[in-house]
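A.B. asks: missing the sequence, but the structure's below:
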């Protein structure tokens, strides 16, 4: 066994930090290490936390981590920052949180930015979660900023997804909620001591009532390639077993409502670990991951095989409107098939 | 020629709406129509507009569209809503804007949501832009909500990217700005009549001063598969030709600053259309598009060829920790190579 993997399993924090760096930089030996760690995964609770700017998400992550520590659980935090592809936004986040959590060996904080190529972030996040899982953390909190694709990625990696809202965040917020509500296993109204907290809670509950109880397997299905490819597993269709998204009020800065939130997370974990549900959800997450990895690997192979200048020649023919992009893609695929036969 | 394409080129709005629906639903004949329209593209100014919730982005899109109309330009607006994968958030946006813009035949508004699979949104957005370009619109405004991958997608499709900020949007905003600033060709401080507008402008300018003048070709490069694959074209390295991101203050609701913004956009368009720069930027956008399309097409082919049950068998072996995901991907690739030889 690789000595790094061995040291990590033996509890070395330095080995853990090093393994995460290898994953982030996508080095070749990161695959070897992941292979060796993989049999040791599957024990952690993986909690995704997402919300718009201004909801106090980072404080809530902090408060929740401390609550888990008080109950004797070890906690790893991954702060994924899809808004900062260029520079150190995520690193800044670390420093702020460090003030409260530093010095405790039962806690580990790591940030990941979107350096690198398309779709690389969700792959790296999944791999980082596995490394932390193998390292023995009881709870892994995966935090992401903002709205959009990143939330969908979270629902693909986390077992329990928290969507964080706050009172009075402006005009566009309502529109965002409509989309984001449906990925939430638990809705949190943070900053609940502010004016308008009750109105926000009421609005969220009203929107939840408008929707149907959401079956997470269908959401994964809806978003993954699964649906497009018509290869989806059977959905769970027993409505009585469905999870009804609760709304929890918190004031993270004074730890109000954090105990209740933690209990609600535990209820959700108990719910998903029931019967065949857990295997089915994990199976869907794995299938989506396989397709994403396959895409990445295959494009790399094709690019390696592509005749020099073919890409720039095709680009020029598109720019002169001689070819359209789809025709060019078909020419590339044909050239690959000829090369193989 | 397909009659729908012909009617669209003849100016039929109904044909245009129908063509966009075909693209959104990814029907087979959408490729035929795009092929026929493609030689008629390349004339529109494509302006991307993005910003966090609460910045008044939609009002600004509205005000800018009206300013273009006053100058006799025809305008199409595509509102891309990556936060609403499930339901009609984008449609709601249409209705709100319609009140100001309805009844004018020189304007066309369309929203697109993220229904469907991975990466499908940027493909569909590009195709929708081409359809509107072929339909003869002078200006195409591509609006997107929020933070994250969606902005990167905009920089890939638009010629000029506006990032919209507003005074006093809360704690997390500063962190977001760090990442988002670097995709902006023009920064807009909207709601500039509010307290703190000067402070926001000063902060943005200070952050711009900290950074280097940004060469858009390098940004495209940095985000695309290009970099990962080490096939990037030469960057433009003549610093004197670089665009220095200006900051423009507006109050969209009372049309303040809109004329100045429009002139700034025109300056940027003149800048990018200078010499070889335009071809180089367009060439890079096309190369990124080719790689994205290639990925989508190839994964569909593989899934169609894959032996029934292989995916679920591999998933089960991963769930029992017998295989790791990367090993499974390698088995799939091997099965494809055997099938072809």
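C.D. replies: Yep, that arrived. Here the structure is a predicted model, which means the values were calculated and not measured.

A.B. asks: got the angle for the longest helix along chain A vs helix B:277-305?
C.D. replies: Criterion DSSP state H: the longest helix present in chain A is helix A:277-305. Using axes from the mean of the first three to the mean of the last three C-alpha atoms, to 10 degrees, the inter-axis angle of helix A:277-305 relative to helix B:277-305 is 130 degrees.

A.B. asks: Check which residues of helix A:277-305 are buried.
C.D. replies: Of the residues in helix A:277-305, A:277, A:280-296, A:298-299, A:302-303 count as buried by neighbour count, 16 or more other C-beta atoms under 10 Å in any protein chain shown. In this view, the C-beta of every residue, glycine as well, is placed from N, C-alpha and C.

A.B. asks: likewise stretch A:60-76?
C.D. replies: For stretch A:60-76, by 16+ other C-beta under 10 Å, it's A:60-69, A:73-76.

A.B. asks: can you list contacts of it?
C.D. replies: A:44, A:47, A:49, A:77, A:79, A:97, A:100-101, A:104, A:106-110, A:132, A:135-141, A:143, A:164, A:188, A:190, A:250, A:252-253, A:255, A:258-259, A:261-262 (C-beta atoms under 8 Å, 6 or more residues apart in numbering or on different chains).

A.B. asks: Closest residue of the stretch 1-150 of chain A to chain B?
C.D. replies: residue A:54 (3.1 Å; C-beta to the nearest C-beta).

A.B. asks: Out of the buried residues of stretch A:60-76, which two sit at the greatest distance?
C.D. replies: A:60 and A:74 (19.1 Å; C-beta to C-beta).

A.B. asks: what kind of secondary structure is the residue of the stretch 1-150 of chain A closest to chain B in?
C.D. replies: Secondary structure, DSSP: H, G, I helix; E, B strand; the rest coil: residue A:54 is coil.

A.B. asks: what about it, neighbour count?
C.D. replies: Other residues lying near residue A:54 total 23 when counted by other C-beta atoms under 10 Å in any protein chain shown.

A.B. asks: how much space is there between it and residue B:297?
C.D. replies: Separation of residue A:54 from residue B:297 (C-beta to C-beta, to the nearest Å) stands at 40 Å.

A.B. asks: Please apply the same query to residue A:244.
C.D. replies: 41 Å.

A.B. asks: same check, this time on residue A:142
C.D. replies: 31 Å.

A.B. asks: Helices along the stretch 51-200 of chain A, start to end?
C.D. replies: A:57-70, A:89-101, A:120-134, A:149-157, A:173-180, A:197-210 (DSSP state H, counting those that start in this stretch).

A.B. asks: now do the stretch 201-341 of chain A
C.D. replies: Under DSSP H, counting those that start in this stretch, the stretch 201-341 of chain A gives helices at A:216-223, A:225-229, A:258-272, A:277-305, A:310-319, A:325-340.

A.B. asks: is it possible to export the ones you listed to TSV including mean pLDDT?
C.D. replies: As requested, the helices of the stretch 201-341 of chain A are exported to TSV (pLDDT from 0 to 100):
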stretch	mean pLDDT
helix A:216-223	39
helix A:225-229	33
helix A:258-272	94
helix A:277-305	81
helix A:310-319	91
helix A:325-340	82
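
A.B. asks: Output these as TSV; include the columns distance to chain B.
C.D. replies: Converted to TSV, the helices of the stretch 201-341 of chain A look like this (distance: least, C-beta to the nearest C-beta, whole Å):
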stretch	distance to chain B
helix A:216-223	6
helix A:225-229	4
helix A:258-272	15
helix A:277-305	5
helix A:310-319	5
helix A:325-340	5
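
A.B. asks: Can you pull out the low-pLDDT segments for chain A?
C.D. replies: A:1, A:81-102, A:113-121, A:145-156, A:169-182, A:210-241, A:275-276, A:338-341 (pLDDT under 70).
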